[in-house]
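K.L.:
test case, fold it:
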Amino acid sequence: MRVQTAQDQDTTQAVQGFADYLVRVGDISHATCTELGSDYVKIPSDIFLDVSGLETYVVNEAVEQGTAPERLSRLIEKVYSGFDGGNQPDSYFADRITLTPKNADVLAINDMFLDKLPGDAEEYRCVECLDGDDELERQEHGDLYPPEFLNTISLSGMPPHTLKLKVGAPVMLIRNLNTKEGLCN
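P.N.:
Purely as a prediction, here's the structure:
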């Protein structure tokens, strides 16, 4: 866990409260969810978004169909409350995060968030051909792996085939590109 210095008294209390909660979870002295049983941790209401009663869905399928499910809309509104289309200071995004168990869900949330930013998105695609020793070899084996197939492959630890960016969208680098220019993780 990364230790960081709080900027003000309110932040100090919030960070300390969360740290105390994590210690209680580790010591197994935390509150449990009585409806589900003693093996389930009760999550504090200030970090929990109640979406009970709302329909369930598969995130990436719903976004592909052009629908913004109420659960996902509520999540984005809660995490990015006060977002006004890209005029936030850098610290606004540094204090917010959305975690999901699947990369497909992250991509869907990112697409929905990009739609909230003004302007047109630029799309950048990966290289869509096989690397071979000569042109004849590339032509021979290129038919085995058409670009449409290569574009569907999603490997853990690898970026997606398409990167969509808009001016004002936060970007997290996974490696240092140019430390002198501040392009580092």
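
K.L.:
next structured bit after the helix or strand bottoming out on mean pLDDT in the chain?
P.N.:
One helix or strand of the chain scores below all others by mean pLDDT, DSSP states H and E: helix 59-64, with a mean of 56. The helix or strand immediately downstream of helix 59-64 is helix 70-79, counting by DSSP states H and E.

K.L.:
which outside residues touch the very next helix or strand once past that following helix?
P.N.:
The helix or strand immediately downstream of helix 70-79 is helix 90-94, counting by DSSP H and E. Identification of contacts with helix 90-94 by Cβ atoms under 8 Å, 6 or more residues apart in numbering yields 82-83, 170. The way it works is simple: take the backbone N, C-alpha and C, and place the C-beta from them, glycine included.

K.L.:
ok, stretch 19-35 next?
P.N.:
Applying Cβ under 8 Å, 6+ apart, the external contacts of stretch 19-35 come out as 1, 38-42, 44.

K.L.:
please repeat the previous calculation with a cut-off of 7 Å.
P.N.:
Residues outside stretch 19-35 that contact it (Cβ atoms under 7 Å, 6 or more residues apart in numbering): 38, 40-42, 44.

K.L.:
export those as CSV, with columns for distance to residue 102, neighbour count and secondary structure.
P.N.:
Output for those, formatted as CSV (distance: Cβ to Cβ, whole Å; neighbours: other Cβ atoms under 10 Å; DSSP: H, G, I helix; E, B strand; the rest coil):
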residue, distance to residue 102, neighbour count, secondary structure
38, 28, 9, strand
40, 21, 11, strand
41, 21, 15, strand
42, 25, 14, coil
44, 24, 12, coil
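
K.L.:
could you work out the most separated pair of these?
P.N.:
38 and 44 (17.6 Å; Cβ to Cβ).

K.L.:
for the chain, which helix is longest?
P.N.:
Longest among the helix segments of the chain by residue count, using DSSP state H, is helix 9-27.
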